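[1] What would the 3D arrangement of this be:
(one chain, ligands or ions: 1)
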Amino acid sequence: MTELTYRYVALTDTGLRRTANQDSGFASSRLLVIADGMGGAAAGDLASSEAMHVIRRLDDELRGDPLEALAGAVSRANDRLSELIEEDPAVEGMGTTLDALLWDGEKFAMAHIGDSRAYRLRDGVLTKISDDHTFVQSLVDEGRLSPDEARHHPHRSLILRALLGRDDNDPDLSMIEPQLGDRYLLCSDGLSDMVDDSVIEETLGAETIDLAATELIRLALEGGGYDNVTVVICEMVEDGTPVDETLSSANGQPQLVGAAAEQARPRTGQAVAGEDIPAKPLDPEEVRYMPRPPTSRRWVRWTLTILVLGLVLGGIGKIAYDWTQEQYFVSSDNGMVTIFRGVQADVPGVKLQHVETVTTIKVSSLPEFTQRQVGAGIDASSKKDAQSIVDNLDQLVTPPKPTETPSDKKTATTSTASHRVDRL
Ligand code: CA
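    Numbering: from 1, shown residues only. As a prediction, this is how the structure comes out:
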């Protein structure tokens with residue numbers, strides 16, 4: 001029997017309409033993964049990158065039955081999301097899709113949850129090997145919708161299952177027996193929504209998988225680029241086949257792309273303020289998983305803030321300004337966690353917030369996701385509430401790490417050498 005191995009490539013693009021990439025992709029000689037985060041601007045990338053960081057530990061740690069190992073890793077990724085939600089209820093509702101193929105030297109163990117897709121190309125024929133865990137797919141399964149109708153259904157992106165940090169969302173698990181010459185594609189819906197399967201079939205058969213990946217991304221952008229688009233592709237070759245130096249996987253290094261490869265995005269209160277203004281149409285990605293009510297306190301606060309801005313501009317400044325000065329929030333000032341009095345917005349010529357207390361907590365000493373929250377500003381209902389937020393942050397301070405672990409090093413190398421084509 002022919003011994004097989006595979007070549008691989010991972011590629012992502014933020015797309016033409018989104019400002020951040022919430023997809024994560026990973027490819028190595030043992031593991032192929034894609035995760036498409038959801039839950040709004042603040043949390044989707046957190047969910048996909050955290051899940052990815054847990055799953056990709058399999059790259060170093062495979063022991064025993066691959067399907068059990070994969071199921072265990074998915075479960076740990078789910079636990080990680082659960083932890084994050086417990087630490088910060090504001091990210092409740094975040095989640096991620098996940099498709100992972102773990103190679104044991106002969107077969108792939110596959111885990112799938114959500115609507116990211118896994119395809120196989122064999123002898124020029126494309127077969128979808130994952131079932132979309134979506135509302136429209138359930139209607140197709142019941143014969144109430146044709147696949148083509150599903151494709152254009154207004155609720156096509158509504159997911160019924162995803163990793164959400166809860167215990168009621170198990171992945172589909174299966175084993176796959178590849179043949180020589182097979183190509184496998186894992187992709188986010190940013191590809192499958194924009195590009196027809198028939199075009200994917202043709203494109204996936206390109207001369208090399210690197211060309212296929214580049215072309216698939218290009219086609220998704222040409223098709224509208226409404227969403228982040230990520231592809232992870234592998235091609236089965238005979239073990240011992242000479243390395244093709246023109247391919248990105250020739251160096252044998254893992255490839256990590258998208259949210260999991262990025263550092264915390266610097267954000268300012270102002271930028272987040274703009275994103276959160278409720279008058280802006282709701283990003284469909286925010287309600288991808290079972291619509292949840294908007295975080296009412298924040299909306300109320302923003303509605304009031306906008307009203308106040310209107311009043312300030314309209315000349316009824318004093319009362320409105322006084323109201324803003326009874327508000328508090330916790331954010332960053334010169335790298336230190338700081339309590340501000342006021343609101344996170346300014347009217348030209350009027351400063352609506354000022355520093356109340358600079359704490360001794362360095363923002364950089366906090367976990368990455370908390371740094372982002374602080375960067376975005378955490379609203380407080382009173383000065384006392386702001387102080388208790390600071391106390392909670394104090395509990396999260398982590399001592400500086402003395403050395404990198406080997407796997408961290410690998411990530412850093414991979415990240416810089418990755419094949420991102422994010423829009424500049
Ligand atoms: Ca997506």
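[2] ok, residue 170 - contacts?
    Neighbour list for residue 170: residue 113 [criterion: C-beta atoms under 8 Å, 6 or more residues apart in numbering]. In this view, the C-beta of every residue, glycine as well, is placed from N, C-alpha and C.
[3] And the pLDDT at it?
    Listed pLDDT for residue 170 reads 90.
[4] And the top helix by length along the chain, how far out from the chain middle?
    As assigned by DSSP state H, the longest helix anywhere in the chain is helix 66-87. How far helix 66-87 lies from its chain's middle: 15 Å, per C-alpha atoms, centre = their mean, to the nearest Å.
[5] list the helices and strands the next helix or strand after that helix packs on?
    Note on helix 66-87: by DSSP states H and E, the next helix or strand toward the C-terminus is strand 95-96. On a contact count with 3 or more C-beta pairs under 8 Å, 6 or more residues apart in numbering; DSSP states H and E, strand 95-96 meets strand 31-38, helix 44-55.
[6] quick one, which of the ones you listed is nearest to the ion?
    Of all the helices and strands packed on strand 95-96, strand 31-38 sits nearest to the ion, with 4.4 Å by C-beta to the ion.
[7] quick one: is the closest one near the ion?
    Yes. Counting by C-beta under 5 Å from the ion, the ion has neighbours in strand 31-38: residue 36.
[8] so that strand versus helix 66-87, what angle?
    Strand 31-38 runs at 30 degrees relative to helix 66-87, counting by axes from the mean of the first three to the mean of the last three C-alpha atoms, to 10 degrees.
[9] Neighbouring strands - and their directions - for strand 31-38?
    Paired with strand 31-38 in the same sheet, following DSSP bridges, are strand 23-27 (antiparallel), strand 95-96 (antiparallel), strand 98-103 (antiparallel).
[10] among the helices and strands packed on strand 95-96, which is the most enclosed?
    strand 31-38 (a mean of 30; mean count of other C-beta atoms under 10 Å).
[11] what angle sits between that one and helix 44-55?
    Interaxial angle of strand 31-38 relative to helix 44-55 (the same axes, to 10 degrees): 160 degrees.
[12] Quick check: bridge partners of the spatially closest residue to residue 48 that is not a sequence neighbour?
    Residue nearest to residue 48 in three dimensions, not counting chain neighbours: residue 37, with 3.2 Å by C-beta to C-beta, 6 or more residues apart in numbering. Assessed by DSSP bridges, residue 37 has beta-bridge partners residue 96.
[13] check contacts around residue 37.
    22-24, 43-49, 51, 94-96, 259.
[14] Which residue in the residues you listed has the weakest pLDDT?
    Where pLDDT dips furthest among those: residue 43, at 87.
[15] Report the contact partners of the spatially closest residue to that one that is not a sequence neighbour.
    Nearest residue to residue 43 in three dimensions, chain neighbours excluded: residue 94, at 3.4 Å (C-beta to C-beta, 6+ apart). Neighbouring residues of residue 94 by C-beta under 8 Å, 6+ apart: 37-40, 43-44, 46-47, 81, 84-85, 164-165.
[16] Same check on residue 100?
    Neighbour list for residue 100: 31-34, 55, 58, 70, 73-74, 110-112 [criterion: C-beta under 8 Å, 6+ apart].
[17] Show me which pair in the residues you listed is furthest apart.
    58 and 112 (15.4 Å; C-beta to C-beta).
[18] Pull out the buried residues from stretch 159-179.
    With burial defined by 16 or more other C-beta atoms under 10 Å, the residues of stretch 159-179 counted as buried are 159-165, 169, 171, 178.
[19] what's the answer for stretch 64-83, then?
    Using 16+ other C-beta under 10 Å as the test for burial, stretch 64-83 gives 66-67, 69-71, 73-75, 77-78, 80-81.
[20] Kindly export stretch 191-198 (C-alpha atoms) in PDB.
    The C-alpha coordinates for stretch 191-198 follow below in PDB (Å, rounded to 0.1, in the frame of the first residue of the first chain):
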ATOM      1  CA  LEU A 191     -15.700  31.600   0.400                       C
ATOM      2  CA  SER A 192     -18.600  29.200   0.100                       C
ATOM      3  CA  ASP A 193     -21.100  32.100   0.200                       C
ATOM      4  CA  MET A 194     -19.300  34.000  -2.500                       C
ATOM      5  CA  VAL A 195     -18.200  31.200  -4.800                       C
ATOM      6  CA  ASP A 196     -20.300  28.400  -6.300                       C
ATOM      7  CA  ASP A 197     -19.300  24.800  -5.700                       C
ATOM      8  CA  SER A 198     -18.700  24.300  -9.400                       C
END
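[21] Outside of that stretch itself, list whatever touches it.
    Identification of contacts with stretch 191-198 by C-beta under 8 Å, 6+ apart yields 117, 119, 126, 128, 156-157, 200, 203, 216-217, 219-221, 223-227, 229-231.
[22] out of those residues, which are inside strands?
    117, 119, 126, 128, 229-231 (DSSP state E).
[23] of these, closest to residue 183?
    Using C-beta to C-beta, residue 119 comes nearest to residue 183 of the ones in strands among the contacts of stretch 191-198, at 8.5 Å.
[24] Is the closest one in contact with residue 126, as I believe?
    Yes. Using C-beta atoms under 8 Å, residue 119 makes contact with residue 126 at a distance of 5.6 Å.
[25] Would you mind listing what in the stretch 151-300 of the chain touches the ion?
    Within the stretch 151-300 of the chain, the positions near the ion by C-beta under 5 Å from the ion are 188-190, 227.
[26] can you pick the most crowded of the residues you listed?
    When these are compared by neighbour count (other C-beta atoms under 10 Å), residue 188 ends up highest, at 33 neighbours.
[27] Please list all residues in contact with that residue.
    Counting by C-beta under 8 Å, 6+ apart, residue 188 makes contact with 23, 34, 36, 97, 116, 227-230.
[28] still on that earlier bit, TSV please, covering the residues of the stretch 151-300 of the chain next to the ion and showing secondary structure and distance to residue 374.
    Listed next are these as TSV, based on DSSP: H, G, I helix; E, B strand; the rest coil; distance: C-beta to C-beta, whole Å:
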residue	secondary structure	distance to residue 374
188	coil	29
189	helix	31
190	helix	30
227	coil	28
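[29] Can you pull the residues that touch both of residue 119 and residue 126?
    Residues touching both residue 119 and residue 126 (C-beta under 8 Å, 6+ apart): 197, 200, 204.
[30] What is the burial count for the first one?
    Using other C-beta under 10 Å, residue 197 has 15 neighbouring residues.
[31] Let's have the residues of the stretch 151-300 of the chain next to the ion in a markdown table, adding pLDDT.
    Listed next are those as a markdown table, based on pLDDT from 0 to 100:
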| residue | pLDDT |
| --- | --- |
| 188 | 97 |
| 189 | 95 |
| 190 | 95 |
| 227 | 93 |
